[in-house]
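K.L.:
With the input below, show me the fold.
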Amino acid sequence: MKKLIIAALAASTMATPVLAAPYQNHQNDRRGHVEQRSDYRSDHRDYRNQRQVQQRRWNKGQRFDYRQARNYRVITNARQYRLRDAPRGYRWVQSGNDAVLIGITSGIIASVLANVIR
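P.N.:
Purely as a prediction, here's the structure:
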């Protein structure tokens with residue numbers, strides 16, 4: 001009985017690496033490597049430059065994400081753009097030609113003034 005248990009344990013330890021090996025596709029080339037192709041050029045209409053930032057329309061109550069803002073910067077002198085001073089806990093930021101009033105800690109948009117900054 002001991003020999004049977006030892007043989008089963010030995011077989012299971014030998015089979016474990018084989019079972020843990022990653023699955024290989026049947027489309028291997030001669031050297032055994034899986035062929036990987038980049039198909040981003042096959043349909044050129046779907047290929048877009050990832051670094052290009054798209055223009056975004058901001059709405060009150062949304063969370064402001066500076067990575068999606070075009071021409072983002074914090075407005076330090078609001079009166080230069082004829083904006084009222086930001087209340088405590090808020091600040092004005094520029095996104096494109098828009099002035100957006102956001103909460104500093106939450107990032108929630110309180111007000112959007114479109115085409116204020118020229």
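
K.L.:
Can you mark which positions in the helix or strand harbouring residue 93 are buried?
P.N.:
In this structure, residue 93 sits in strand 90-95 according to DSSP states H and E. Residues of strand 90-95 classed as buried: 90, 92-95 (neighbour count, 16 or more other C-beta atoms under 10 Å). C-beta: built from backbone N, CA, C; applies to glycine.

K.L.:
For my notes, please list these in CSV and give distance to residue 57 for each entry.
P.N.:
Converted to CSV, the buried residues of strand 90-95 look like this (distance: C-beta to C-beta, whole Å):
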residue, distance to residue 57
90, 20
92, 18
93, 15
94, 15
95, 10
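
K.L.:
hang on, the earlier thing: just the residues contacting the strand holding residue 93, thanks.
P.N.:
Identification of contacts with strand 90-95 by C-beta atoms under 8 Å, 6 or more residues apart in numbering yields 56, 58, 64, 66, 69-75, 78, 81, 83, 86, 99-104, 110, 117.

K.L.:
got any ranges where this protein has weak pLDDT?
P.N.:
15-55 (pLDDT under 70).

K.L.:
can you pull out the helices in it?
P.N.:
2-20 (DSSP state H).

K.L.:
Run through the strands of it in chain order.
P.N.:
Along the chain, the segments classed as strands by DSSP state E run 73-74, 90-95, 98-103, 109-113.

K.L.:
quick one: strands adjacent to the first one?
P.N.:
In other words, strand 73-74. Neighbouring strands of strand 73-74 in its sheet, by DSSP bridges, are strand 90-95 (antiparallel).
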